[in-house]
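A.B. asks: when you get a sec, could you give me coordinates for this:
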Amino acid sequence: MVRNANLNTDTNQIDWEKVKALAIEGGYFKFLCCLNGICIDFIGVSTDCFPGWKRDKAMEERLLNEVLSPKQTDAHSLFGKIRRFLNNRWKYQLVYSKERHLIGFILRARSWLNWKWGKKSVWKN
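C.D. replies: Below is the predicted model of the structure:
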């Protein structure tokens, strides 16, 4: 159980309508609903702390199982990385909207290439 969170006090109110609007605009509202459900069912946060948005219990369990025990372990070969990306498309579609799915892949590939062949640290020039 989460203690000392003070989510229901007058001094620490969350504007859930604004959170929902930003999540819909960003394309990750379904992901946010899954996180809310995981917090309620598995972590033990009271339902009073979250709005009553539509939940998908199957997606919540799938997301939690994938985080706790990922199915794919081959992360070193190029073929393994491509296969892992294709098998995990559902995660990208959950977080990114459909038109941003390709952009998410490009940004991730760019970040990896910068790390692999570019700067290794953000602290050094």
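
A.B. asks: by mean pLDDT, flag the weakest helix or strand of this structure.
C.D. replies: Ranked by mean pLDDT, DSSP states H and E, the weakest helix or strand in the chain is helix 101-117, scoring a mean of 73.

A.B. asks: and it, what does it pack onto?
C.D. replies: Judged by 3 or more C-beta pairs under 8 Å, 6 or more residues apart in numbering; DSSP states H and E, helix 101-117 is in contact with helix 89-95. C-beta: built from backbone N, CA, C; applies to glycine.

A.B. asks: enumerate the positions of the helix it packs on that are buried.
C.D. replies: Neighbour counts over helix 89-95 (16 or more other C-beta atoms under 10 Å) mark Lys91, Tyr92, Gln93, Leu94, Val95 as buried.

A.B. asks: what does stretch 43-58 give?
C.D. replies: Quick answer for stretch 43-58 (16+ other C-beta under 10 Å): Val45, Phe50, Arg55.

A.B. asks: how far is the least confident helix or strand of the chain from where the chain is centred?
C.D. replies: In terms of C-alpha atoms, centre = their mean, to the nearest Å, the centre of helix 101-117 is found 17 Å from the chain centre.

A.B. asks: start at 16, not 1
C.D. replies: Right, with 16 as the first residue, what we last looked at is helix 116-132.

A.B. asks: contact partners of it?
C.D. replies: With C-beta atoms under 8 Å, 6 or more residues apart in numbering as the test, helix 116-132 has contacts from Phe100, Arg104, Tyr107, Gln108, Val110, Tyr111.
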